[in-house]
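Peer 1: dropping the sequence and predicted coords here.
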Amino acid sequence: MPLDTRTLYLVAAMVAGMLGAMLLLFGKQESIPALKWWGSAYLLGAASVAIPTLAGSTLSEWPSQALNAAGFLACGMVWNASRVFHGRSSNALGLILGAIAWIAAVIMLPPEAAAWRMTIGAGIVAVYGALTATELWCDRRRTLQKRWPAVAVPMLHGVVLILPILLGNLLLPHDRTFSSSVWVTIFAIELVLYAVATVFIIFMLVSERAVTAHRTLASMDPLTGMFNRRGFAEATSRMIEREADAGCPVTVLIFDLDHFKSINDRFGHPAGDEILKLFAAVVINTLRITDLSGRIGGEEFAALLPCPVEEAVVVAERVRQTFANSGIVVEDGPVETTVSVGVAAGPAGVELDALLVAADAALYTAKRRGRNCVEVAEEPSLSLQNWRRRSSVHAPKAGLRASVAGQ
C-alpha cells in the first residue's frame, strides 16, 4: 500500500514541532541553554517543512526558498546546540552559513537546475550532521560505548538525506518519476525517526550530565572544593589499583589543623571556615597534579601520593611550612596556623584502610609531641585483617587523641 509523501511530511513536521515545544519548555524550566537551542531548532525546522507542504503550488518561488533557508538555519542551530551543551560558545557564522549558501545557490542556478539545488541542499544538511557528530565525538568525558548513538544518528541522517538525492541526479535523465519514488518516501519516514531519535539522545545526554553532576556533588566537599571522605576513598582506591599494577608504592598523608577548636571559639566559625579554605588551597597548590587530596573530617585532610615515603615527607614538610607562614591576621589579632601531619607508606597493593590507620597513629604521635610537625608511621599492615587488629589496639587511645586535638 503506497504511502502519501505529503502526509508523511506533515506528520514529521507535527512530531518535530511537539518535540521542539517540549525541549524549549524543559530548557526554560531547568535553565539549560542547549535545550533552548535544540527546541528552537525543532520548531523552526517543523515550520520550514509544514508551511510549504500545506501551501503546495500556491507558494511562490522566493517565499518557498526563504523557508528552505530557514530549514538550513535550523540545522545550524542543532550544531550550535551541541556546542553549547558541551560548554563551548555558539558559532554565529556557522549558524547562518548554510542558509547563505542555499540563497546563493538559488540566485546563481536557474530553476531548471533543480537537481543541482537539491544536491547542494542535501550537502548542507550532511555537513551540519557531520559537524554535530564531530562535536559529540570530541566530548571525551564519555566512553565510546555511551557516545556512539549520539554520533551515529546525525551521521546516518546526513547519509539517508544525500544518498537518494545523488541517486536522483543519476536517474533523473532516465526516470522522470524519481521525485515520487520509494526513495522520497523513505526519506519522509526517516525525518520522523530522526526527530524522535534525536530527542531521545538529547534527553539521554542531559540525564547522564545530571547523574554525573549529582555524583560529583556527592563526592565533593562544598566548603573547600576538595574530595569529601567518600570521594577521596573512591579516587584513591582506583589510584592504588593502578599503582599496584605498575608495582609502585604509595604514601598517605593525614593533616590535622592544630588548635582549630580554639580558633573557632576566639574568632568565630566564619573565620574557621576561611582557615579551612586557606589550608585546602595550600594543599592543592603544593601537591603535584598526580596526587589526590580531600577533606575527610572537620579539620582533618588527607592526601595520597604515588611515591616512596621519602618524597612524601618532603611534600608534607612543604605543606606544613607554607601553612605556618600564611600570616593570617583578623581584627582580634594574628591567627596561628599550624598543622600536624602523619605519614604512612606501603608497597604496591597495600590497602588504603591499612595506610590510613597507620598514618592516623603517626598523626596522634605528632600531636602528642607538640604539634606543628611531621611524623612517619612504621610499616603498615598489608591485609585488612591485620588492620582491624591494629585498629582495636589504637581504639582505647581515640578518646585521648580527641581531647588532645581539641586543645
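Peer 2: Received, thanks.

Peer 1: am I right that residue 252 sits in a strand?
Peer 2: Yes: Residue 252: assigned to a strand according to DSSP: H, G, I helix; E, B strand; the rest coil.

Peer 1: from what I see, it and residue 352 are in contact.
Peer 2: Yes: look at residue 252 against residue 352 with CB atoms under 8 Å: they come within range, at 7.5 Å. For the C-beta atoms, the positions are set from N, CA and C on the backbone; glycine is no exception.

Peer 1: between the two, which contacts overlap?
Peer 2: residue 304 (CB atoms under 8 Å, 6 or more residues apart in numbering).

Peer 1: what sits up against stretch 311-331?
Peer 2: With CB under 8 Å, 6+ apart as the criterion, stretch 311-331 contacts 251, 253, 255, 267, 271, 274-275, 278-279, 282-283, 286-288, 291, 303, 305, 334-335, 337-339, 341, 343, 345, 372-374, 376.

Peer 1: quick one: mean pLDDT over it.
Peer 2: Confidence for stretch 311-331, expressed as mean pLDDT, is 88.

Peer 1: could you do stretch 274-288 as well?
Peer 2: pLDDT averaged over stretch 274-288 gives 91.

Peer 1: got a list of contacts for that stretch?
Peer 2: 223-226, 255, 257, 260, 263, 293, 295, 299, 301, 303, 305, 315, 318-319, 322-323, 326, 328, 335, 337, 339.

Peer 1: all strands of the chain, in order?
Peer 2: Counting by DSSP state E, the chain has these strands, from start to end: 250-257, 292-295, 300-305, 329-330, 333-334, 339-346, 374-376.

Peer 1: looking at those strands, which is closest to residue 74?
Peer 2: strand 292-295 (45.4 Å; CB to CB).

Peer 1: now could you export just the CA positions of the closest one as CSV?
Peer 2: Extracted C-alpha coordinates of strand 292-295, given in CSV (Å, rounded to 0.1, in the frame of the first residue of the first chain):
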residue,chain,number,x,y,z
LEU,A,292,45.0,13.1,45.3
SER,A,293,43.7,15.1,48.3
GLY,A,294,40.5,15.5,50.3
ARG,A,295,38.8,16.8,53.4
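
Peer 1: the chain: helices as residue ranges?
Peer 2: With DSSP state H applied, the chain shows helices at 5-30, 33-55, 61-85, 92-108, 114-137, 144-171, 182-219, 229-245, 260-267, 269-286, 309-324, 352-368, 384-394, 398-405, listed in chain order.

Peer 1: tell me which strands and helices the second one is in contact with?
Peer 2: To tie it back to what came earlier, the one meant is helix 33-55. Helix 33-55 is packed against helix 5-30, helix 61-85, helix 182-219, with contacts defined by 3 or more CB pairs under 8 Å, 6 or more residues apart in numbering; DSSP states H and E.

Peer 1: what residue ranges in the stretch 101-250 of the chain score low on pLDDT?
Peer 2: 136, 138-192, 195, 209-217 (pLDDT under 70).

Peer 1: go with 90
Peer 2: Scanning the stretch 101-250 of the chain for pLDDT under 90 picks out 105-106, 109-222, 225, 229-231, 233-249.

Peer 1: kindly report the same for the stretch 251-400 of the chain.
Peer 2: 259-272, 274, 288-290, 297-298, 308, 325-337, 346-357, 377-400.

Peer 1: quick revisit: quick one: closest of the strands of the chain to residue 131.
Peer 2: Per CB to CB, nearest to residue 131 of those: strand 292-295, 37.3 Å.

Peer 1: need the residues that contact that closest one.
Peer 2: 221, 223-224, 226-229, 231-232, 235-236, 239, 276, 280, 283-284, 287, 301-304.

Peer 1: same thing but 10 Å
Peer 2: For strand 292-295, the external contacting residues (CB atoms under 10 Å, 6 or more residues apart in numbering) are 219-221, 223-236, 238-239, 250, 252-253, 255, 276, 279-280, 283-284, 286-287, 300-306, 319.

Peer 1: and the gap between residue 90 and residue 315?
Peer 2: Using CB to CB, to the nearest Å, residue 90 is found at 43 Å from residue 315.

Peer 1: neighbour count winner among those two?
Peer 2: residue 315 (22 against 16; other CB atoms under 10 Å).

Peer 1: ok, residue 252 and residue 352, which is more surrounded?
Peer 2: Neighbours per residue (other CB under 10 Å) separate residue 252 from residue 352, with residue 252 holding more: 30 against 20.

Peer 1: just the buried ones among the contacts of stretch 311-331, please.
Peer 2: 251, 253, 255, 267, 271, 274-275, 278-279, 282-283, 286-287, 291, 303, 305, 335, 337, 339, 341, 343, 345, 372-374, 376 (16 or more other CB atoms under 10 Å).

Peer 1: any idea how far residue 54 is from residue 298?
Peer 2: 68 Å.

Peer 1: and residue 73, by the same measure?
Peer 2: Distance, residue 73 to residue 298, using CB to CB: 56 Å.

Peer 1: may I see the domains of this structure written out as residue ranges?
Peer 2: Structurally, the chain divides into domains by automatic domain parsing as follows: 5-219, 229-405.

Peer 1: ok, the nearest residue to residue 42 once chain neighbours are set aside to residue 123 distance?
Peer 2: Using CB to CB, 6 or more residues apart in numbering and skipping residues adjacent in sequence, the residue nearest residue 42 is residue 20, 2.7 Å away. Distance of residue 20 to residue 123, computed by CB to CB: 24 Å.

Peer 1: what about the two, which has more around it?
Peer 2: Comparing residue 20 with residue 123 by other CB under 10 Å, the one with more neighbours is residue 20, at 23 against 18.

Peer 1: state whether the more buried one and residue 47 are indeed in contact, as I suppose.
Peer 2: Yes: here residue 20 reaches residue 47: they are 9.5 Å apart, a contact under CB atoms under 10 Å.
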